[in-house]
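Novice: Below: sequence and its predicted model.
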Amino acid sequence: MRTRRGVCYRKLAMCTDNTLVAKRRGDFSGDNCRKRQRLAPESVGKSDVFESLPDDLVISILSKLSSSAGCPSDFVNVLLTCKRFNGLGLHSLVLSKASSKSIAVKAKNWSESAHRFLKLCADAGNIEACYTLGMIRFYCLQNRVSGASLMAKAAISSHAPALYSLAVIQFNGSVGSKNDKDLRAGVALCARAAFLGHIDALRELGHCLQDGYGVRQNVAEGRRFLVQANARELAAVLSSASSAVSSRSWLSWNPHQHHRHVTGSGCPLLSDFGCNVPAPEAHPASRFLADWFTARGGVPGPGLRLCSHASCGRPEMRRHEFRRCSVCGIVNYCSRACQALDWKLRHKVACAPVERWLVDDGDANVDGPLAGGDADDDDDVMVES
């Protein structure tokens, strides 16, 4: 066939099955009418080793990565590498081994996809994901039933932070009204977390024993738990890689700085002796709560307050849930552990007697570290130690 100018059309090569028409430059092989793959000269005759790896081996490698990742991006970047990593990276075995740092979602990056990812990890049996998602749902998303259920799932697997968080909920009656406090259950959960070595639980249990709060008073046993909490805290700081510096001048004792309290983070056990030791790293769930409510102006709701300990992040679930400082009445804490830490780190310098808040109700009944009536406008009082 010729064009109007008399030029012949280029010849076409037809496929054997008469269903496709290809250009003359196309190179066909066999009966499938497909172009040959262009391979690099050095890869000709070699097979793809990665594709030949069994899935079990790849899943094992990804499980090691998810359990040792230092941040979520270390794990997510691997999932974005190829389709196979993306598919096998969401395997239940890989998600169940993910560490708390690899699923540490930041509050500013919270989204439905992050929620779904944490839900996948929790469904896979990851207790860190159960605890983190439980804290977010309970305190941030106001879904108390689902949040408490996820924390209980982690607590059943002997997750110490989940046990301690449930103990704080029982002490404060966060699920319902003030009458829903269960001090004995709180002490039992706290004792279980302390047995697993949780520092805040050890400190909380020590104060409960000293004050006879929810348990029979035993001052000597309470002091023993407080000493054990300080010893564990010091050991955690000294063994932390983040606090390992070339110069160990932070551990030297300066007599001129004795009983000098420096505002900021540090180890409360050594802060009285002029040692500027970095504080243990807070759990990702606590950091999420603190950032979540800080981005919302530091007010969790009308008439509600946050725990004054900066590393806690827990908000009140009802008005006057947390206990106030018995001296100044300005700061408030969700637990005795947070009060003891904040007193050493910051509040001991700024605390000053203020009696204006005692005018409203002067006939409070003292019960251990708590004081206050049952009226909605009364606050519980926490005695400084």
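Specialist: Looks like it came in fine. All values derive from a computational prediction rather than experimental measurement.
Novice: For the protein, which residues score under the pLDDT cut-off?
Specialist: Where the chain drops to pLDDT under 70, the residues are 1-48, 240-280, 354-385.
Novice: Could I get the full set of strands for it?
Specialist: In the chain, the strands defined using DSSP state E lie at 13-14, 21-22, 323-325, 332-333, 366-367, 370-371, 380-382.
Novice: Could you give me the buried positions within the biggest helix by length in the chain?
Specialist: Longest helix in the chain by number of residues, with DSSP state H as the criterion: helix 219-239. Buried residues in helix 219-239, defined by neighbour count with 16 or more other Cβ atoms under 10 Å: 222, 225, 226, 228, 229, 230, 232, 233, 234, 236, 237. Quick note: C-beta positions are derived from backbone N, CA and C, even for glycine.
Novice: quick one: contacts for the third one?
Specialist: For residue 226, the contacting residues are 202, 203, 206, 207, 210, taking Cβ atoms under 8 Å, 6 or more residues apart in numbering as the criterion.
Novice: so of those residues, which ones are in helices?
Specialist: Those of the contacts of residue 226 lying in helices (DSSP H): 202, 203, 206, 207, 210.
Novice: ok, for the first one, nearest residue in space, not its chain neighbours?
Specialist: The one in question is residue 202. residue 229 (3.7 Å; Cβ to Cβ, 6 or more residues apart in numbering).
Novice: any idea how far residue 211 is from the one you found?
Specialist: 15 Å (Cβ to Cβ, to the nearest Å).
Novice: what's the answer for residue 350, then?
Specialist: Residue 350 sits 24 Å away from residue 211, taking Cβ to Cβ as the criterion.
Novice: Look at those two and report which has more neighbours.
Specialist: Neighbours were counted for residue 350 and for residue 211 using other Cβ atoms under 10 Å; residue 211 has more, 19 against 11.
Novice: right, and the more buried one touches residue 218 too?
Specialist: No. In this structure, residue 211 is not within contact of residue 218 by Cβ atoms under 8 Å, at 10.4 Å.
Novice: dump the residue contacts of residue 165.
Specialist: By Cβ under 8 Å, 6+ apart, residue 165 lies in contact with 131, 134, 135, 151.
Novice: would JSON lines of those residues with neighbour count be doable?
Specialist: Output for the contacts of residue 165, formatted as JSON lines (neighbours: other Cβ atoms under 10 Å):
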{"residue": "131", "neighbour count": "27"}
{"residue": "134", "neighbour count": "27"}
{"residue": "135", "neighbour count": "25"}
{"residue": "151", "neighbour count": "27"}
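Novice: Among those, which one sits closest to residue 325?
Specialist: Distance to residue 325 across those (Cβ to Cβ) is lowest for residue 135, with 25.0 Å.
Novice: can I get the contacts of residue 226 in TSV with distance to residue 120 and neighbour count?
Specialist: As requested, those are arranged in TSV below (distance: Cβ to Cβ, whole Å; neighbours: other Cβ atoms under 10 Å):
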residue	distance to residue 120	neighbour count
202	34	28
203	35	27
206	39	27
207	39	25
210	44	21
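Novice: Could you dump those into CSV and include distance to residue 186?
Specialist: Below are those laid out as CSV (distance: Cβ to Cβ, whole Å):
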residue, distance to residue 186
202, 14
203, 14
206, 14
207, 12
210, 15
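Novice: I'd like to know how many residues surround the residue nearest to residue 101 when sequence neighbours are not counted.
Specialist: The shortest distance from residue 101 to any non-neighbouring residue, by Cβ to Cβ, 6+ apart, is to residue 70 (5.5 Å). Using other Cβ under 10 Å, the number of residues around residue 70 comes to 11.
Novice: Residue 200 versus the closest residue to residue 336 other than its chain neighbours, what's the distance?
Specialist: Excluding the flanking residues, the one nearest residue 336 by Cβ to Cβ, 6+ apart is residue 207, at 4.0 Å. Here residue 207 is placed at a distance of 11 Å from residue 200 (Cβ to Cβ).
Novice: Next, show the common contact partners of the two.
Specialist: residue 337.
Novice: Please point out which parts of stretch 293-305 sit buried.
Specialist: Buried residues in stretch 293-305, counted by 16+ other Cβ under 10 Å: 293, 300, 304, 305.
Novice: what's the answer for stretch 307-320, then?
Specialist: 307-318, 320.
Novice: can you check stretch 138-153 too?
Specialist: So, applying 16+ other Cβ under 10 Å, buried residues of stretch 138-153: 138, 139, 140, 144, 147, 148, 150, 151, 153.
Novice: Make a markdown table out of those and add distance to residue 92.
Specialist: Converted to a markdown table, the buried residues of stretch 138-153 look like this (distance: Cβ to Cβ, whole Å):
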| residue | distance to residue 92 |
| --- | --- |
| 138 | 25 |
| 139 | 27 |
| 140 | 26 |
| 144 | 27 |
| 147 | 22 |
| 148 | 24 |
| 150 | 17 |
| 151 | 21 |
| 153 | 15 |
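Novice: what's the most distant pair in these?
Specialist: The distance between the two most remote of the buried residues of stretch 138-153 (Cβ to Cβ) is 18.3 Å, for 140 and 153.
Novice: picking that back up, as CSV, the contacts of residue 165 with distance to residue 194 would be great.
Specialist: Output for those, formatted as CSV (distance: Cβ to Cβ, whole Å):
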residue, distance to residue 194
131, 17
134, 20
135, 20
151, 17
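Novice: List just the nearest of those to residue 79.
Specialist: Checking the contacts of residue 165 one by one against residue 79 (Cβ to Cβ), the nearest turns out to be residue 131, at 22.8 Å.
Novice: I figured that closest one hits residue 148, correct?
Specialist: No. Residue 131 is beyond contact range of residue 148, at 11.5 Å (criterion: Cβ under 8 Å).
Novice: follow-up on the earlier one: would TSV of the buried residues of stretch 293-305 with distance to residue 82 be doable?
Specialist: Formatted as TSV, the buried residues of stretch 293-305 follow (distance: Cβ to Cβ, whole Å):
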residue	distance to residue 82
293	39
300	43
304	47
305	49
